[in-house]
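Novice: Fold the following and give me the result.
(2 chains)
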Amino acid sequence: MQLIFEKSQPGRRAIRWDTLDVPEKKLPADLCRAEAAALPEMAEIDVVRHFTHLSQRNVGIDDTFYPLGSCTMKYNPKVAETVAALPGMARLHPHLSTSTAYNGNVQGAYELIYELERELAEIAGMQAASIQPIAGAHGELTGTLLMAAYHRDRGNTHKDTIIVPDSAHGTNPASANIAGFKVVEIASNAQGLTDLDGFKAALNENTAGIMMTCPNTHGLFEKDIAEIAKLCHEVDALLYYDGANLNAIMGECRPGDLGFDVMHYNLHKTFATPHGMGGPGCGPVGVGKRLLPYLPGPRVVKKDGGFALETPEKSIGRMAAFFGNYLIAVRAYAYLRHYGGEGLHDVSRKAVLNANYIFARLKDAFEPAFDGRFMHECVFTASKQAEGGVRAMDFAKALLDEGYHAPTVYFPLTVPECLMIEPTETESKETLDAFCDTMLKLAERAKTDPESFKEAPKTTSVSRLDEVKAAKDLNCACL
Amino acid sequence: MNPDQLKYTKDHEWIGEDGGLYVVGITAHAQDQLGDVTYVELPAVGRAVSQGDETAVVESVKAASDIYAPAGGTVAEVNGALEDKPELVNQDPYGAGWFFKLKDVDASELGGLMDAAAYAKYAAESEH
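Specialist: Next up is the predicted model:
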């Protein structure tokens, strides 16, 4: 398929402007480009066909089972889209949100933000939440900046280190680093859990905090979390909870009750908003009592029988323009109201049940990475198959030919030839069975015909990509 | 397949003496686990490192990993060829795919490292 730039024909246009019927006023010269932008020149129908064809090559949760571990690719209910598209939601001008003259017009939006933040806090046992951060990693940065603000405020100038277990979420070290901390990685034990001795050895007076996810990226619940929290708080270190795996525990336990001081939520994972492919996201932060004074502002507060904006005195300030990606928050709010408390509890229970069903069906064909009880995702190693020439990546490619999105492969890095499968709660037993049947069929074929895997995928619009070239010869261009 | 004259770390680096300098690279097992190497970040010549210091970075299609100094010393040379041809790490991990050379190494620090047989056993175990 050609890039849109390759389809460009000089002089061709999709729209033509009418002749000006008012005097033309030129922009100041210093605001103008020296050269015209290199835009593709095309007829409207060719633009429409180009993007329609691209969209037809896309694979999403509306097409097929998407067991991408750690990513919680659950179905995004269409009711949330309907709500977000209501004119009263979609057509609000962002400036209304901060204009005191007009905030009477946006009391409903304020109320939605207030209620969503309150509900997110309640689900995770936090004191409060802020929907400002515009992505999960942005939430991590916000959370680590809150930790920095706490220590600065208390004169903890020596606290310059954050501990990150190797089973934490992959973005944590980068976020801590950008917030100005040094990162100390600690290894998991043979059970796939944070090693308590290794943690104790790494913990000292300079420790500003620890970043964990629970269940961790091995899909296992950190059974020593209460002890870890106690030891952290004894040296005034804070616990950061990465919400990547929150879908496993809703209604069962709450990060705040486990001892976590600060966290982010991935609305696109747990609360069924679109993953967005780098588009608008929302990664709210939640805080316990220690970090409450530092939350990003302004905040929506109840005042005089309505809602108003206030910035906490010790706030770290704005993390996004206006309220971040408000319409993503609207979708999450719709989802929360749609399910309710009991419904969310059921979501987590079914997510765990589905993962364990897959685990039970596949554990004899694929070697489990750990002995423990998996929660919302199960982790296998294809090391044995790799000896016969079929690696985790080959299984991933073969699954594409079978009509599935591949599971996560080669993550977490702690597991060789890793296959990480997260079905989520929204899949039926029939779907899970069909997927497991396919996996078992592929495991059999790996024994009898390993060569056939090297040709996969054969049915997709492009065959096996040259990943080395993709990584080495980065050449950004618009499609 | 791991050369007998080299010493090996638990992080899958190797170190070996060559003309008064100590050459460091990653093992055949490590490059196999990483997959195709796409980029190598090398230390500055003259940098002093202690045993276990993060000294280089290797990126593959799967992951980015730190390379730790198997022994303390001063970086005397780096393998500039890896800049254009990082695939040398895959093709010849114990030869043309070396990372850097150290001088002023305290040879007693190599005592705690594994020999080829012990490393082969360690690598096989870490795979399962």
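
Novice: Stretch A:216-236 spans what distance, first to last residue?
Specialist: 23 Å (CA to CA, to the nearest Å).

Novice: Does chain B have contacts with that stretch?
Specialist: No: using CB under 8 Å from any CB of the partner chain, stretch A:216-236 never reaches chain B; the gap is at least 13.4 Å. All C-beta atoms are positioned from the backbone trio N, CA, C, and that covers glycine.

Novice: got the buried residues for that stretch?
Specialist: For stretch A:216-236, a neighbour-count test (16 or more other CB atoms under 10 Å in any protein chain shown) marks A:216-222, A:225, A:228-229, A:231-232, A:236 as buried.

Novice: again with stretch B:77-89
Specialist: B:78-79, B:82, B:86-89.

Novice: among these, which are within reach of chain A?
Specialist: Counting by CB under 8 Å from any CB, the members of those near chain A are B:86-87.

Novice: Between which two of the buried residues of stretch B:77-89 is the distance greatest?
Specialist: B:78 and B:87 (17.1 Å; CB to CB).

Novice: what ranges do the strands span in chain B?
Specialist: B:7-8, B:13-18, B:21-26, B:37-41, B:48-49, B:54-60, B:64-68, B:73-78, B:100-103 (DSSP state E).

Novice: Which residue comes closest to residue A:137 once chain neighbours are left out?
Specialist: Of all residues not flanking residue A:137 in the chain, residue A:171 sits nearest, at 4.7 Å (CB to CB, 6 or more residues apart in numbering or on different chains).

Novice: Would stretch B:59-72 count as contacting chain A?
Specialist: Yes: Stretch B:59-72 lies within reach of chain A by CB under 8 Å from any CB, at B:59, B:61-63, B:65.

Novice: so which of the residues you listed is the most crowded?
Specialist: residue B:62 (21 neighbours; other CB atoms under 10 Å in any protein chain shown).

Novice: SS state for the closest residue to residue A:336 other than its chain neighbours?
Specialist: Computed as CB to CB, 6+ apart, the closest residue to residue A:336 that is not its neighbour in sequence is residue A:119, at 5.5 Å. Following DSSP: H, G, I helix; E, B strand; the rest coil, the label given to residue A:119 is helix.

Novice: my read: residue A:119 touches residue A:334, true?
Specialist: No: look at residue A:119 against residue A:334 with CB atoms under 8 Å: they stay out of range, at 11.9 Å.

Novice: Which one's more surrounded, these two?
Specialist: residue A:334 (23 against 18).

Novice: Dihedrals phi and psi, that one?
Specialist: Torsion angles at residue A:334 (phi, psi; degrees, to the nearest 10) stand at phi -60, psi -40.

Novice: how close does it sit to chain B?
Specialist: Distance from residue A:334 to chain B, counting by CB to the nearest CB, to the nearest Å: 38 Å.

Novice: Which residues are in contact with that residue?
Specialist: Applying CB atoms under 8 Å, 6 or more residues apart in numbering or on different chains, we find residue A:334 in contact with A:77, A:79-80, A:83-84.

Novice: Just the buried ones out of those residues, please.
Specialist: Among the contacts of residue A:334, those buried by neighbour count (16+ other CB under 10 Å) are A:77, A:80, A:83-84.

Novice: Got the confidence number for residue 31?
Specialist: Here I'm looking at chain A. Per-residue pLDDT puts residue A:31 at 94.

Novice: To clarify, I was referring to chain B.
Specialist: 95.

Novice: before we move on, what about residue A:280?
Specialist: pLDDT, residue A:280: 83.

Novice: Ok, residue A:332 next?
Specialist: 97.

Novice: Centre of the chain to the helix or strand encompassing it, how far?
Specialist: For residue A:332, the host element (DSSP states H and E) is helix A:326-362. Centroid separation for helix A:326-362 versus its chain: 15 Å, with CA atoms, centre = their mean, to the nearest Å.
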